[in-house]
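Chemist: Need coordinates for the following:
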Amino acid sequence: MMAFLGTVFVGLIVGLIARAIKPGDDKMGWIMTIVLGILGSVAAGYVGRALGMYQPGQPAGWIASVIGAIVLLAIYDMVRRKA
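Modeler: As a prediction, this is how the structure comes out:
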């Protein structure tokens, strides 16, 4: 249970930082911000392991997680604009 709450908390912080850094109006609630942060961290970990920056099972760092969340937020904006 504590690991889940820690993941949600980290996702919230990463998502909020990504939304603050990326310019533009990001209309999403708390839950989507948490999901954005968690997915950004997962994506950063996957890319980092593929590039040899992280060992298997090692989580991504804060900066990489925020960068991953910003990339996902930009993709989300492009998809939303086309729809």
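
Chemist: hey, let's count contacts and neighbours off CA atoms from now on
Modeler: Noted.

Chemist: who are the neighbours in contact with L16?
Modeler: 33, 37 (Cα atoms under 8 Å, 6 or more residues apart in numbering).

Chemist: where does P59 land in three-state SS?
Modeler: Using DSSP: H, G, I helix; E, B strand; the rest coil, the structure places P59 in coil.

Chemist: which residues touch the residue nearest to it when sequence neighbours are not counted?
Modeler: Spatial nearest neighbour of P59, excluding adjacent residues (Cα to Cα, 6 or more residues apart in numbering): G45 at 5.9 Å. By Cα under 8 Å, 6+ apart, G45 lies in contact with 54, 58-60, 64-65.

Chemist: got it, and I38?
Modeler: I38 sits next to 7-8, 10-12, 14-15 when contact means Cα under 8 Å, 6+ apart.

Chemist: which SSE is the residue nearest to P59 in?
Modeler: Following DSSP states H and E, one finds G45 within helix 30-50.

Chemist: CA atoms of that helix as CSV?
Modeler: Extracted as CSV, the C-alpha positions of helix 30-50 are listed here (Å, rounded to 0.1, in the frame of the first residue of the first chain):
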residue,chain,number,x,y,z
TRP,A,30,-5.5,15.9,-10.7
ILE,A,31,-6.0,12.2,-11.7
MET,A,32,-4.7,12.9,-15.3
THR,A,33,-1.8,14.9,-13.8
ILE,A,34,-0.8,11.9,-11.7
VAL,A,35,-1.2,9.5,-14.6
LEU,A,36,0.9,11.8,-16.7
GLY,A,37,3.7,11.8,-14.1
ILE,A,38,3.6,8.1,-13.6
LEU,A,39,3.7,7.4,-17.4
GLY,A,40,6.4,9.9,-17.9
SER,A,41,8.5,8.2,-15.3
VAL,A,42,7.9,4.8,-16.8
ALA,A,43,8.7,6.1,-20.3
ALA,A,44,11.9,7.7,-19.0
GLY,A,45,12.9,4.5,-17.3
TYR,A,46,12.3,2.4,-20.4
VAL,A,47,14.3,4.8,-22.7
GLY,A,48,17.1,5.1,-20.1
ARG,A,49,17.4,1.3,-19.8
ALA,A,50,17.4,1.0,-23.6
